[in-house]
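Student: can you look at this prediction? I've put the sequence above it.
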Amino acid sequence: MIGRMGKFKALFLLSSLVLFLSGCGKDNLTALVPKGYGAEASMDLIILTTVVMSFVFLAVIIPLVIVLLRFREKKGQEDYIPKQVEGNQTLETIWTIIPIILVIIMAVPTVIKTFELADTSEASEHINVSVTGNQYWWHFDYEDEGVQTSQDLYIPAGERVYLNMIAADVTHSFWVPTITGKLDVNPENVNTLYIEAYEEGVYWGKCAEFCGPSHSLMDFKIIVVSPEEYEQWLADMGDVDPDEVPEDTVAAEGKELFEEKSCMGCHAIGSSPVQVGPNLTNFGNRTTIAGILDPTKENLVDWIKDPESIKPGNLMTGKYPELSDDEADKIAEYLLQQKDTDITPEDAGD
Ligand code: CUA
């Protein structure tokens with residue numbers, strides 16, 4: 001038995017937990033303030049189901065409380081048996097039909113939206129991006145435009161974008177709560193989802209299917225810019241020369257090391273069929289390093305020197321010889337100077 005003190009402690013713990021967890025939300029990582037078509041559709045369904053469920057809750061709780069208070073056993077009436085209604089056909093019919101109606105109210109709009117969001121018949125009239133989920137990063141290929149990137153998906157505000165998604169290894173799930181609902185990304189088949197973001201901004205995405213030790217670190221972003229900025233971004237990204245030697249001497253040495261230490265075996269800069277590891281075009285304008293760290297040189301050096309300590313189970317670990325501090329520093333400098341366009345997350349308001 002929990003005593004009064006125990007109950008007080010439990011209540012205190014519960015309310016602190018509610019207070020603590022309510023601080024977890026971020027404006028760009030919430031399904032409750034939708035800023036995209038799919039997220040808005042989900043939110044409408046959340047509201048509808050919450051209303052229906054609240055009705056059910058009240059329809060059960062109110063009569064229950066009334067019955068408990070009004071029909072308590074009274075003194076002197078211990079043997080009294082109230083009227084028995086078991087098998088009453090009218091009552092049985094009513095409480096069978098009402099739930100069926102409620103389920104229909106929730107199911108019809110849900111099924112309609114599900115089919116609508118899976119409809120790809122107009123895909124050819126819109127932007128198409130091929131998305132590949134990898135342990136623990138995302139590859140984005142604008143095939144029609146010959147542009148490839150990873151981790152930061154640039155799209156124009158107010159336009160529909162079809163994402164054709166497949167996984168390179170195990171099942172992942174693409175989820176950007178503020179813009180769209182989740183969709184599984186499987187190794188066996190291409191799943192298509194269309195998204196439309198209403199406002200410019202940087203929106204956080206998560207992998208929503210357990211895919212290995214760094215599943216929770218498989219973050220990415222959708223960067224929504226204006227249609228003009230998007231066109232500019234595409235043009236700049238399609239015009240990158242991977243062989244360009246940086247003017248800065250440290251970065252130039254970094255480029256040499258990048259080739260020498262076999263980084264190029266997995267990472268491409270510019271458009272390239274290589275996609276063993278993330279394409280590093282425009283790396284200097286990324287919002288994060290490895291999807292989770294602030295884009296500072298220090299963090300990049302730490303990541304290059306010991307990726308395992310940052311993202312356990314990642315496929316970069318052990319693929320290249322150990323780097324000295326100086327070598328890691330130069331490679332980091334080279335990568336951070338990869339700024340291939342003036343369109344940055346700042347243009348999206350980050
Ligand atoms: Cu990919 Cu979880």
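Tutor: Now that the structure is in, tell me what you want to look at.

Student: show me where the stretch 201-350 of the chain has helices.
Tutor: 227-237, 249-260, 297-305, 307-310, 325-336 (DSSP state H, counting those that start in this stretch).

Student: return the residues of this structure in contact with the ligand.
Tutor: 133, 172, 207, 209, 210, 211, 215, 218 (C-beta under 6 Å from any ligand atom). Glycine gets a C-beta too; all of them are placed from N, C-alpha and C.

Student: out of those, which are buried?
Tutor: 133, 172, 207, 209, 211, 215, 218 (16 or more other C-beta atoms under 10 Å).

Student: and those, which two are furthest apart?
Tutor: 133 and 215 (10.9 Å; C-beta to C-beta).

Student: thought residue 43 was touching residue 36?
Tutor: No - Residue 43 lies out of contact with residue 36 (C-beta atoms under 8 Å); the separation is 10.2 Å.

Student: the more surrounded of the two?
Tutor: Between residue 43 and residue 36, counted using other C-beta atoms under 10 Å, the more crowded position is residue 36 (25 against 15).

Student: run the chain-centre distance for stretch 338-350.
Tutor: 21 Å (C-alpha atoms, centre = their mean, to the nearest Å).

Student: make that stretch 306-325, sorry
Tutor: Relative to where its chain is centred, stretch 306-325 has its mean C-alpha point 25 Å off (C-alpha atoms, centre = their mean).

Student: my guess is residue 280 meets residue 268, correct?
Tutor: Yes - under the criterion of C-beta under 8 Å, residue 280 makes contact with residue 268 at 7.1 Å.

Student: show me where the stretch 101-250 of the chain has its strands.
Tutor: 127-134, 137-142, 147-150, 152-156, 161-167, 172-176, 180-185, 191-195, 201-207, 220-225 (DSSP state E, counting those that start in this stretch).

Student: closest to residue 247 out of those?
Tutor: strand 147-150 (23.7 Å).

Student: so which elements touch the closest one?
Tutor: Under the contact definition 3 or more C-beta pairs under 8 Å, 6 or more residues apart in numbering; DSSP states H and E, strand 147-150 sits against strand 137-142, helix 227-237.

Student: contacts for the shortest one, please.
Tutor: Residues lying outside strand 137-142 but in contact with it, judged by C-beta atoms under 8 Å, 6 or more residues apart in numbering, are 127-132, 147-151, 153, 168, 174, 205, 218, 220, 234, 237, 275, 277-279, 290-291.

Student: next, the angle helix 227-237 makes with that strand.
Tutor: 100 degrees (axes from the mean of the first three to the mean of the last three C-alpha atoms, to 10 degrees).

Student: measure how buried residue 105 is and give me the count.
Tutor: So residue 105, with other C-beta under 10 Å, has 15 neighbours.

Student: returning to that earlier point: how about the helices and strands packed on strand 147-150 in TSV, adding mean pLDDT, distance to residue 333 and mean neighbour count?
Tutor: Shown next, in TSV, are the helices and strands packed on strand 147-150 (pLDDT from 0 to 100; distance: least, C-beta to C-beta, whole Å; neighbours: other C-beta atoms under 10 Å):
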stretch	mean pLDDT	distance to residue 333	mean neighbour count
strand 137-142	95	22	22
helix 227-237	95	21	17
